[in-house]
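In: Next input, structure requested:
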Amino acid sequence: MWIVYVLKGVIAFGVFPATGTVFRIIYLFISEPEEEIDTRSVFKDYYKTNFWELNKLGYIMTALLLVLAIDLRISQAYIGSYFVHYFLLALLILVLGTFLYLFPIYSRYDLSTFSYIKQAFIYFFSNIFETIAILLGFGLLLIITTALPILMIFAGVPLFIIPTSWFVYQAMKKMERKREALEEE
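Out: Numbering: from 1, shown residues only. Okay, the predicted model is just below:
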């Protein structure tokens, strides 16, 4: 379904809504395992309803990544300052980490555009173990899909989204428990 909806969005405008919708469906499976989910209708409705917001979030983050990547190349080629280079590299890692948490947070909470980015940054920064687990999961999946490329055809996008969603869901539950404990005090 991801491929169909990416094509439906004329590729450039379909990638982020389709990816965000897959995160939403995986989130529903993880958070409500006993519920019966009509995947097709949820995919269609969520994709349509959140099309512009998911594109806005995706392209804001992509623009940040591109600017930082270009700045990093310019710094490396022309400036030659280790301080500037490592500063830009750290910013790039922060933006990538924020991007990692963005769609799972979008699938759970109802916030404003920049609040999603802020929350994704906070979650990335406060949940180092979950972030490391996600990255290790990506590494393991890259090894497996390199050895068995047929998996990418049958389960490509969800294969990478499932561990991300699960670990981010654990991080969200942990943060919500902390917030509740603070409110009770």
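In: Give me the distance from the one helix or strand L141 maps to to the chain's centre.
Out: L141 belongs to helix 128-147 when assigned by DSSP states H and E. Distance, stretch centre to chain centre, for helix 128-147: 14 Å (Cα atoms, centre = their mean, to the nearest Å).
In: And the closest residue to L91 other than its chain neighbours, its phi and psi?
Out: Closest residue to L91 apart from its sequence neighbours, by Cβ to Cβ, 6 or more residues apart in numbering: L68 at 5.5 Å. The C-beta positions use only the backbone N, C-alpha and C, and glycine is treated the same way. Backbone torsions of L68, given as degrees, to the nearest 10, read phi -70, psi -40.
In: And the pLDDT for the most centrally placed residue in the chain?
Out: By Cα atoms, centre = their mean, the chain has its centre lying nearest to L100, at 3.6 Å. If you check L100, the pLDDT there is 94.
In: Quick check: which helices or strands does the strand or helix carrying it pack against?
Out: Following DSSP H and E, one finds L100 within helix 82-108. Secondary-structure packing of helix 82-108 (3 or more Cβ pairs under 8 Å, 6 or more residues apart in numbering; DSSP states H and E): helix 15-31, helix 39-74, helix 113-126, helix 128-147, helix 150-184.
In: between it and helix 150-184, what angle do the directions make?
Out: Inter-element angle recorded for helix 82-108 and helix 150-184: 80 degrees (by axes from the mean of the first three to the mean of the last three Cα atoms, to 10 degrees).
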